[in-house]
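In: here's a sequence, model it:
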Amino acid sequence: MERDNQPVLSNRLEDLDTPGVMVVVDPDEAESLGAFQETALSLEDAWESNLDMGEDRDGE
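Out: The predicted structure is shown next:
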């Protein structure tokens, strides 16, 4: 008999440290746990990095 390697699903936060258990949370709960952390560049930083590339191409 072949074993199914699907994770065990749970909605209990106590199961977060249990190997093989996937804890399902709603978006608000995930955000409160720090699951979503914005790491994108700001528009200003993106433009500054674009200017840096232009200097490298021109050899300046």
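In: tell me how many other residues crowd residue 15.
Out: 15 (other C-beta atoms under 10 Å). Glycine gets a C-beta too; all of them are placed from N, C-alpha and C.
In: end-to-end on stretch 6-22?
Out: By C-alpha to C-alpha, to the nearest Å, the extent of stretch 6-22 from end to end equals 10 Å.
In: what does it contact?
Out: 23-25, 33 (C-beta atoms under 8 Å, 6 or more residues apart in numbering).
In: make it 7 Å
Out: Residues outside stretch 6-22 that contact it (C-beta atoms under 7 Å, 6 or more residues apart in numbering) are 23-24.
In: all further residue positions should be reported with the first residue as 28.
Out: New numbering, starting at 28: the last item is stretch 33-49.
In: mean confidence for that stretch?
Out: Across stretch 33-49, pLDDT averages out at 92.
In: residues near residue 57, how many?
Out: 13.
In: pretty sure it sits in a strand.
Out: No. Read with DSSP: H, G, I helix; E, B strand; the rest coil, residue 57 is helix and lies in no strand.
In: so who does it touch?
Out: Residues near residue 57 by C-beta under 7 Å, 6+ apart: residue 63.
In: apply 10 Å and report the result again.
Out: 50-51, 63 (C-beta atoms under 10 Å, 6 or more residues apart in numbering).
In: which of those tops the neighbour count?
Out: Busiest of the contacts of residue 57 [other C-beta under 10 Å] is residue 50, holding 19 neighbours.
In: so it bridges to which residues?
Out: residue 37 (DSSP bridges).
In: secondary structure element for residue 66?
Out: Counting by DSSP states H and E, no helix or strand carries residue 66.
In: could you pull out the strands for the chain?
Out: Under the criterion DSSP state E, the chain contains strands at 35-37, 48-50.
In: most tightly surrounded among those?
Out: Counting by mean count of other C-beta atoms under 10 Å, strand 48-50 has the highest mean neighbour count of these, with a mean of 15.
In: how far away from the center of its chain is that strand?
Out: Centre-to-centre, strand 48-50 and its host chain are 17 Å apart (C-alpha atoms, centre = their mean, to the nearest Å).
In: I'd like the mean pLDDT over stretch 70-85, please.
Out: 71.
In: circling back: relative to residue 74, which of the contacts of residue 57 is nearest.
Out: Distance to residue 74 across these (C-beta to C-beta) is lowest for residue 63, with 25.0 Å.
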